[in-house]
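J.: Dropping a prediction and its sequence here:
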Amino acid sequence: MKLVEILLDFIKDTNDRKCKLLEFHHPEHMLTLLDLDLPDTGLPLQTLINDCATTLKYQVKTGHPRFFNQLSCGLDIVSMAGEWLTATANTNMFTYEIAPVFILMESVVLNKMRQIIGWKHGDSILAPGGSISNLYAFLAARHHMFPGYKEKGQAMLGSSQLVMFTSDQCHYSVKSCAAVCGLGTDHCVEVPSDEHGRMIVSELERLILERKARGHIPFFVNCTSGTTVLGAFDPINEIADVCQKYKLWLHIDAAWGGGLLFSRKYRHPRLTGIDRADSVTWNPHKLMGTLLQCSTIHFKQDGLLISCNQMSAEYLFMQDKLYDVQYDTGDKVIQCGRHNDIFKLWLQWRAKGTVGFEEHMDHLMELAEYLVERIENQKDMFHLLLKPEMVNVSFWYIPKRLRTMPHSTAKEAELGRITPILKGRMMEAGTMMVGYQPQDRTPNFFRSIFSSAAVTKTDVDFMLNEMDRLGHDL
Ligand SMILES: *Cc1c(COP(=O)(O)O)cnc(C)c1O
């Protein structure tokens, strides 16, 4: 009960705009503030309660309305309640035997998500994050093309080389598939993107032909719906045409942008054609605000997941059980034990309804539009990098001394230099967090994210005012 009080206090502070969202200390100093020692003999309960309070005292409040730092933010209270229940039930998602209700929920929710994608059939599974979901897509695609690969390995292909394609804006986990699965990252071909960050499809086709001419076997194209940095959407239909022409697997990484499928207003044209994909990654723990972690991977073709990943462990997946063993979903995955990530999503969906998710998406997009408008109206103080397609707003803050200087590469370099300094000041002040990064030839810029339901227009105003308060003298 004491712990629940501590947790409720943390939630209250998270939602209190007067509370700071972090108390920053450098690691060496943080170590002196904490007692992390593992003792030989157990400590009294009161010490543990204090440990819990101390832990949360120094934790960044990622659900605070001024946390614009990550793609997963917010603290959806119903989803959190779901996570509490999940922890209390403490079960493993491999068999119906020990997780009957959760297994059925998984089936219902994933079925609904496939319907929203636009498929009548198919199969899906929850994975520990979008990176692993992308890996499942890769494995299924290779298995689909070379069913013997599972048993025979590379010998199946002799000296032939598989190659995959993705844009230079894709999430790094796509490239990681090439490393993890033995292709080598040289065989994950980066297709150039245009000035909006969208894949250039004529380049995709050119690179496919180039690799074919070298005797390679193209088999997989990753199309990103909502790129991690800029929030760009690759043109699905054009990419699908190329995949059809060359008989390649089309995977859509909608880990970030998938949530917009709920929105009648914003779904098109961004995700138009998504039903043409062979597989789709979609992370509820991002735009939908489900608690970390909750990621899904969907396949148009049923049966592929099980045939690709099944190992038939005799001690777990016996075929002569009391019930229909199709519900033992654990044999579809490359893990053994699997965390229960479904209950918090199911409960949240019940609370919001499908229409509630749609409203959430529209609200987030409106916040992004509002921020863009505010930036455009203060051109001396802020510089928008590009008009965003999603809730990623990329911009520079311009301190006083640079406001009269015309925009140039020299000015961009200087803005790129001050961006991390301003971020540091934000963290020391503890009043808000906005992420930054460089990209290609563009020096450091801020990328603000809206995915928390707690954020309002006044928080957007606060963000810009606070940047100026902390950074005007830079
Ligand atoms: C976040 C993200 C991922 C990775 O998801 P994790 O859950 O962090 O592993 C993959 N692709 C895209 C486009 C993303 O934005």
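T.: Arrived safely, thanks for sending.

J.: Val280: neighbouring residues, count only.
T.: When neighbours are counted by other CB atoms under 10 Å, Val280 registers 32. From N, CA and C alone the C-beta is placed, and that goes for glycine too.

J.: What strands flank the helix or strand containing it, and is each parallel or antiparallel?
T.: Here Val280 sits within strand 279-282, counting by DSSP states H and E. Next to strand 279-282 in the sheet, as set by DSSP bridges, lie strand 249-253 (parallel), strand 295-299 (antiparallel).

J.: Take these and lay them out in CSV including mean pLDDT.
T.: Output for those, formatted as CSV (pLDDT from 0 to 100):
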stretch, mean pLDDT
strand 249-253, 98
strand 295-299, 98
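
J.: Tabulate those (a markdown table), appending mean neighbour count.
T.: Below are the strands paired with strand 279-282 laid out as a markdown table (neighbours: other CB atoms under 10 Å):
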| stretch | mean neighbour count |
| --- | --- |
| strand 249-253 | 28 |
| strand 295-299 | 27 |
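
J.: Turn the ones you listed into CSV, including distance to Glu195.
T.: Shown next, in CSV, are these (distance: least, CB to CB, whole Å):
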stretch, distance to Glu195
strand 249-253, 21
strand 295-299, 30
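
J.: Quick one: closest of those to Phe67.
T.: strand 295-299 (20.6 Å; CB to CB).

J.: ok, and what's touching that closest one?
T.: 110, 113-114, 117, 119, 122-130, 132-134, 136-137, 140, 255, 278-285, 305, 341 (CB atoms under 8 Å, 6 or more residues apart in numbering).

J.: so of these, which ones are in helices?
T.: With DSSP state H as the criterion, helices contain Leu110, Met113, Arg114, Ile117, Gly130, Ile132, Ser133, Asn134, Tyr136, Ala137, Ala140, Leu305 from among these.

J.: Up against the ligand, what does the stretch 251-400 of the chain have?
T.: Asp253, Ala255, Trp256, Asn283, Ser295 (CB under 6 Å from any ligand atom).

J.: Tell me the confidence at the spatially closest residue to the last one that is not a sequence neighbour?
T.: The reference is to Ser295. Excluding its sequence neighbours, the residue lying closest to Ser295 (CB to CB, 6 or more residues apart in numbering) is Asn283, at 4.5 Å. What the model reports as pLDDT for Asn283 is 98.

J.: Can you give me the neighbour number for Asn283?
T.: Neighbours around Asn283, by other CB under 10 Å: 29.

J.: Need the contact partners of the strand or helix carrying Val393.
T.: Under the criterion of DSSP H and E, Val393 resides in strand 392-397. Contacts to strand 392-397, defined as CB under 8 Å, 6+ apart, come from residues 229-231, 368, 371-372, 375, 381-386, 388, 412, 415-416, 418-419, 422, 445-450, 467-468, 471.

J.: Now intersect those with the strands, please.
T.: Judged by DSSP state E, the subset of those located in strands is Phe382, His383, Leu384, Phe445, Phe446, Arg447, Ser448, Ile449.

J.: Can you tell me which of these is closest to Asp459?
T.: Using CB to CB, Ser448 is the member of the ones in strands among the contacts of strand 392-397 that lies nearest Asp459, at 10.6 Å.

J.: burial of that closest one, as a residue count?
T.: For Ser448, the count of nearby residues is 25 (other CB under 10 Å).

J.: Can you pick out the most distant pair from the ones in strands among the contacts of strand 392-397?
T.: Pairwise distances across the ones in strands among the contacts of strand 392-397 peak at 18.4 Å for His383 and Ile449 (criterion: CB to CB).

J.: Please identify which of those two sits among more neighbours.
T.: The residue with more neighbours, out of His383 and Ile449, is Ile449; 25 against 20, by other CB under 10 Å.

J.: in stretch 352-371, what counts as buried?
T.: Lys352, Phe357, Glu358, His360, Met361, Asp362, Leu364, Met365, Leu367, Ala368, Tyr370, Leu371 (16 or more other CB atoms under 10 Å).

J.: For those residues, could you give me JSON lines that also reports pLDDT?
T.: As requested, those are exported to JSON lines (pLDDT from 0 to 100):
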{"residue": "Lys352", "pLDDT": "98"}
{"residue": "Phe357", "pLDDT": "98"}
{"residue": "Glu358", "pLDDT": "98"}
{"residue": "His360", "pLDDT": "98"}
{"residue": "Met361", "pLDDT": "98"}
{"residue": "Asp362", "pLDDT": "98"}
{"residue": "Leu364", "pLDDT": "98"}
{"residue": "Met365", "pLDDT": "98"}
{"residue": "Leu367", "pLDDT": "98"}
{"residue": "Ala368", "pLDDT": "98"}
{"residue": "Tyr370", "pLDDT": "98"}
{"residue": "Leu371", "pLDDT": "98"}
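
J.: Looking at these, which one is closest to the ligand?
T.: Nearest to the ligand among these, counting by CB to the nearest ligand atom, is Leu364 at 14.8 Å.

J.: Would you mind measuring from Ser451 to the ligand?
T.: With distances taken as CB to the nearest ligand atom, to the nearest Å, Ser451 is found 11 Å from the ligand.

J.: Report pLDDT for that residue.
T.: 95.

J.: Spatially nearest residue to Tyr136, not counting backbone neighbours?
T.: Closest to Tyr136 by CB to CB, 6+ apart is Ile297, at 4.6 Å.

J.: What pLDDT is listed against whichever residue of the stretch 1-150 of the chain sits closest to the ligand?
T.: Closest to the ligand within the stretch 1-150 of the chain is Gly130: 2.5 Å, counting by CB to the nearest ligand atom. The model reports Gly130 with a pLDDT of 98.

J.: where do the helices sit along the stretch 301-450 of the chain?
T.: For the stretch 301-450 of the chain, helices defined by DSSP state H, counting those that start in this stretch occupy the ranges 304-309, 343-376, 409-429.

J.: ah, wrong one, I meant the stretch 101-250 of the chain
T.: 130-145, 149-152, 172-180, 201-213, 236-246.

J.: Could you tell me which residues of the stretch 51-200 of the chain lie near the ligand?
T.: Contact residues (CB under 6 Å from any ligand atom) of the stretch 51-200 of the chain with the ligand: Leu71, Gly129, Gly130, Ser131, His171, Ser173.

J.: give me that answer again for 8 Å
T.: Residues of the stretch 51-200 of the chain lying close to the ligand by CB under 8 Å from any ligand atom are 71-72, 128-134, 170-171, 173-174.

J.: In contact with Asn222, which residues?
T.: By CB under 8 Å, 6+ apart, Asn222 lies in contact with Asn134, Ala137, Met164, Phe165, Thr166, Ser167, Cys170, Val174, His251, Ile252, Asp253.

J.: and if we set it to 7 Å?
T.: Asn222 makes contacts with Met164, Thr166, Cys170, Val174, His251, Asp253, as judged by CB atoms under 7 Å, 6 or more residues apart in numbering.

J.: Can I get the helices of the stretch 101-250 of the chain in TSV including mean neighbour count?
T.: Formatted as TSV, those follow (neighbours: other CB under 10 Å):
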stretch	mean neighbour count
helix 130-145	23
helix 149-152	14
helix 172-180	18
helix 201-213	16
helix 236-246	18
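
J.: for these, which one sits closest to Met318?
T.: helix 149-152 (21.6 Å).
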